[in-house]
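1. just the structure for this:
(2 chains)
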Amino acid sequence: MGTFLENLVTGAALGSIYALISIGMTMVYGLLKILHVAHAGVYVFGALLGLLAFRLTGSILFAFPAAVLGCALMGYLLYRFMYRRVQDEKPLIPLIVGIGMFTAMGDAYRLAAGPYSISFEHGLAQTGIVLGTFHISFNQVLVIGSAAALLVLVWLMVNKTKTGLAWRASAQDREVAMGIGVNSNYMFGLNFMFGSALAGIAGVLVGLYYGAVNANMGEVWAYKVFVVMVLGGLGNVTGTVIAAYLLGLAETFIISSWGYFLPRDAIAFICMILVLILMPNGVMGKRKQV
Amino acid sequence: MNPLLEIRNIETYYDLIYAIRGASLAVDEGSITAILGTNGAGKSTILKTLMGLIEDQPDKGEILFDGRRIDGRDTEAIVRGGIAYVPEGREVFEELSVRENLLLGAFTRKDRDGIRRDVQRVLDYFPVLAERSHQWAGTLSGGEQQMLAIGRALMNRPRLLCLDEPSLGLAPLLVQEIFHIIRQINAEGVTILLVEQNARMALAIAHRGLILENGRFVLAGSAADLLQDPNVQEFYLGVRSTASAKGYQRWKRKRRWR
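-> Next up is the predicted model:
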């Protein structure tokens, strides 16, 4: 029983991270039908900025705002000076622009931070809650709790604000939305800022969770986010969140039951292939949403 | 009195197509003006140019609304200035509720209370929409979607309402209902610019009509005059005035207009 609960918590923590990273990319896909590969680069930027702020101030409380502000700015700049210029081209062009940007970002991070893992330990990492054989760490509480709060924020933003309404409308028909006075390009910029800020927070959380940050940490994520997006039914935020948690839990339980018969990421991709064969439209069907 | 909307000799390229080839038009405040023409004449392009929806267009010419230049401005600014647009093909946001569609129509407005009152006003105006205000717009019938598209445009409290083929794909009774609504909106003080293929319906409610062919206006006049014009009767109203000795239409008459 203790193992089951611990797997549940570990899986949920992993799923929380998948969800936070994937939401930004899913929203961009929903709005612009662009596969924003460079999003994983924004996530690494958040982790590095968080680490920098932590080193400078000695408190993890400063890591989060640094990552949020830095990544929101980066997301805006990526949109304004890169995607906005190619958003009306064929989908392959923004995809290749994104891949190029992602590669360049990876190299820039390696130049700035070196190719090795950098420790991101904080004092509370060893603390936690122990109930008999059941153990839950502070980091897990932090990751699951902040993800839950942020997911509520995302839901409110998308469903209860004027900006969210404009996002949903633009996702359905950009030309009509513009025709009735929605300043779509501005809304897309806001969307990039919002999604990038979430990815930045995810970066800091991952750094804290694993106790280390690495300039290469985005490499696998760039592709893994695809898995989550596709499972969630491309462009569907709710589906993406569900898929993120399902994937996190599936990975954890499969590995805990059968061990690493394959590398973790191989398991994720096999999950994706199986789900796509059985449910070609992802876990939420083919409803369109932001 | 100056016209509310004045289009002066605009030329528009749509992609590589020279779509509008020097068109001028004046719409008086309080009137209904109809632009008629066949498929591909450039009717929709005129409205899209007016709304600033075609990037970097018009290529030449000026558009004045209430005496101020609006060509080259962002659509958002044009809409905020008091022009509302109902696109062709009753384009509502199918996966948003009826109420959300209406709220989007007031996107450029900031007065929360006024917006709430106007949602109620539009729902009172279209009782069918009120019954379905929480349903997805995609679940509405064609006529209801057209009413929603018009209601959404009214949410902007426009001085000028531009409608692109509101009769498209609707059953004749619904077309009559939609045109009745348009006339009623006009009676409440909104100036209307209507683009239509259905010349008979459009001229029945319009004060003035213009005929567009190949990107140029070839004929303009009061609705009554146009209804009497033999060329309009023959080519747009389907009244056969004459048949030649050999029994085919004398299509060459059309060329006089160019």
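2. quick one: low-confidence parts of the stretch 101-250 of chain B?
-> In the prediction, the stretch 101-250 of chain B carries residues with pLDDT under 70 at positions B:234, B:238-250.
3. hey, where'd the helices end up in the chain?
-> Using chain A here. Secondary structure of chain A (DSSP state H): helices at A:2-32, A:39-57, A:60-78, A:84-86, A:92-113, A:138-160, A:162-172, A:174-179, A:184-210, A:218-231, A:237-258, A:264-278.
4. my bad, the chain I had in mind was chain B
-> Taking DSSP H, the helices of chain B run over residues B:43-50, B:75-80, B:98-105, B:112-125, B:127-131, B:142-154, B:172-187, B:199-205, B:223-228, B:230-235.
5. which one of those helices lies closest to chain A?
-> For the helices of chain B, distance to chain A was read as C-beta to the nearest C-beta. The smallest value, 3.2 Å, belongs to helix B:75-80. Any C-beta I mention is one placed from the backbone N, CA and C, and that applies to glycine too.
6. for residue 146, what are its contacts?
-> Here I'm looking at chain A. For A:Ser146, the set of contacting residues under the criterion of C-beta atoms under 8 Å, 6 or more residues apart in numbering or on different chains consists of A:16, A:201, A:205.
7. try again with chain B
-> Residues touching B:Gln146, when contacts are defined by C-beta under 8 Å, 6+ apart, comprise B:90, B:166, B:170, B:174, B:178.
8. what number of residues lie near B:Leu16?
-> Summarising burial for B:Leu16: neighbours were counted as other C-beta atoms under 10 Å in any protein chain shown, giving 6.
9. ok, B:Gly72 next?
-> One way to gauge burial is a neighbour count; for B:Gly72, by other C-beta under 10 Å, it gives 11.
10. could you pull up phi and psi at it?
-> When quoted as degrees, to the nearest 10, the phi and psi of B:Gly72 stand at phi 80, psi 0.
11. just the pLDDT for it.
-> Looking at B:Gly72, its pLDDT is 79.
12. distance of it relative to B:Thr12?
-> Distance of B:Gly72 to B:Thr12, computed by C-beta to C-beta, to the nearest Å: 12 Å.
13. and if you look at A:Ala72?
-> Counting by C-beta to C-beta, the gap from A:Ala72 to B:Thr12 is 38 Å.
14. go on, B:Leu5?
-> Counting by C-beta to C-beta, the separation of B:Leu5 from B:Thr12 is 16 Å.
15. just B:Leu210 next, same as before
-> Distance from B:Leu210 to B:Thr12, by C-beta to C-beta: 16 Å.
16. number of residues surrounding the one residue in the stretch 101-250 of chain B that gets nearest to chain A?
-> Taking C-beta to the nearest C-beta as the measure, the stretch 101-250 of chain B has B:Thr108 as its residue closest to chain A, at 4.3 Å. Using other C-beta under 10 Å, the number of residues around B:Thr108 comes to 20.
17. per-residue confidence at the nearest residue to A:Ala147 once chain neighbours are set aside?
-> Here the nearest residue to A:Ala147 in space, its sequence neighbours aside, is A:Ser16; by C-beta to C-beta, 6 or more residues apart in numbering or on different chains that works out to 3.3 Å. On pLDDT, A:Ser16 comes in at 92.
18. ok, A:Ser16 to chain B distance?
-> A:Ser16 sits 27 Å away from chain B, taking C-beta to the nearest C-beta, to the nearest Å as the criterion.
19. ditto for A:Leu231
-> Applying C-beta to the nearest C-beta, one obtains 21 Å for the distance of A:Leu231 from chain B.
20. dump the residue contacts of that residue.
-> The neighbours of A:Leu231, taking C-beta under 8 Å, 6+ apart as the test, are A:239-240, A:243, A:246-247, A:271-272, A:275-276, A:282-283.
21. ok, A:Tyr29 touching A:Val230?
-> No - here A:Tyr29 lies out of contact with A:Val230, judged by C-beta atoms under 8 Å, at a distance of 10.1 Å.
22. can you pull the residues of chain B lying near chain A?
-> Applying C-beta under 8 Å from any C-beta of the partner chain, one finds that chain B approaches chain A through B:51, B:53, B:74-76, B:79-80, B:84-85, B:87, B:91, B:93-96, B:100, B:103-105, B:107-108, B:152-153, B:156.
23. who's in contact with B:Val119?
-> Residues in contact with B:Val119, defined by C-beta under 8 Å, 6+ apart, are B:99, B:102-103, B:106, B:155.
24. could you redo the last one with a cut-off of 6 Å?
-> Going by C-beta atoms under 6 Å, 6 or more residues apart in numbering or on different chains, B:Val119 touches B:Leu102.
25. and the closest residue in space to A:Tyr79 that isn't next to it in sequence, how many residues sit next to it?
-> The spatial neighbour of A:Tyr79 that comes closest, neighbours along the chain excluded (C-beta to C-beta, 6+ apart), is A:Phe192 at 4.0 Å. A:Phe192 has 29 neighbours, counted by other C-beta under 10 Å.
26. isn't A:Phe192 right up against A:Leu77?
-> No - taking contact to mean C-beta atoms under 6 Å, the distance of 8.9 Å between A:Phe192 and A:Leu77 leaves them out of contact.
27. show me what contacts the residue in the stretch 51-200 of chain A that chain B sits nearest to?
-> Proximity of the stretch 51-200 of chain A to chain B (C-beta to the nearest C-beta) peaks at A:Gly181, 3.2 Å away. With contact set as C-beta under 6 Å, 6+ apart, A:Gly181 has these partners: B:76, B:79, B:107-108.
28. what's the helix or strand of chain A with the lowest mean pLDDT packed up against?
-> The least trusted helix or strand in chain A, going by mean pLDDT, DSSP states H and E, turns out to be strand A:128-131, with a mean of 72. Under the contact definition 3 or more C-beta pairs under 6 Å, 6 or more residues apart in numbering or on different chains; DSSP states H and E, strand A:128-131 sits against strand A:134-137.
29. so which bits of the strand it packs on are buried?
-> When burial is assessed from 16 or more other C-beta atoms under 10 Å in any protein chain shown, strand A:134-137 yields the following buried residues: A:136-137.
30. burial of A:Leu156, as a residue count?
-> By other C-beta under 10 Å, the burial measure for A:Leu156, its neighbour count, is 11.
31. and for the closest residue to it other than its chain neighbours, the neighbour number?
-> Closest residue to A:Leu156 apart from its sequence neighbours, by C-beta to C-beta, 6+ apart: A:Gly164 at 8.0 Å. Taking other C-beta under 10 Å as the neighbour definition, A:Gly164 ends up with a count of 20.
32. up against chain B, what does the stretch 151-290 of chain A have?
-> Residues of the stretch 151-290 of chain A found near chain B (C-beta under 6 Å from any C-beta of the partner chain) are A:165, A:169, A:172, A:176, A:178-183, A:288.
33. what subset of the residues you listed is buried?
-> If you count burial by 16+ other C-beta under 10 Å, the buried members of these come out as A:165, A:169, A:172, A:176, A:178-183.
34. A:Tyr209 against A:Phe138, yeah?
-> No - in this structure, A:Tyr209 is not within contact of A:Phe138 by C-beta under 6 Å, at 10.2 Å.
35. which one of the two is surrounded by more residues?
-> For A:Tyr209 versus A:Phe138, the count of surrounding residues by other C-beta under 10 Å is larger for A:Tyr209: 20 against 16.
36. quick one, what contacts the more buried one?
-> Under the criterion of C-beta under 6 Å, 6+ apart, the contact list for A:Tyr209 reads A:139, A:143.
37. just to revisit the earlier point, nearest to B:Gln233, of the contacts of A:Ser146?
-> Comparing those against B:Gln233 with C-beta to C-beta places A:Ile201 closest, at 68.8 Å.
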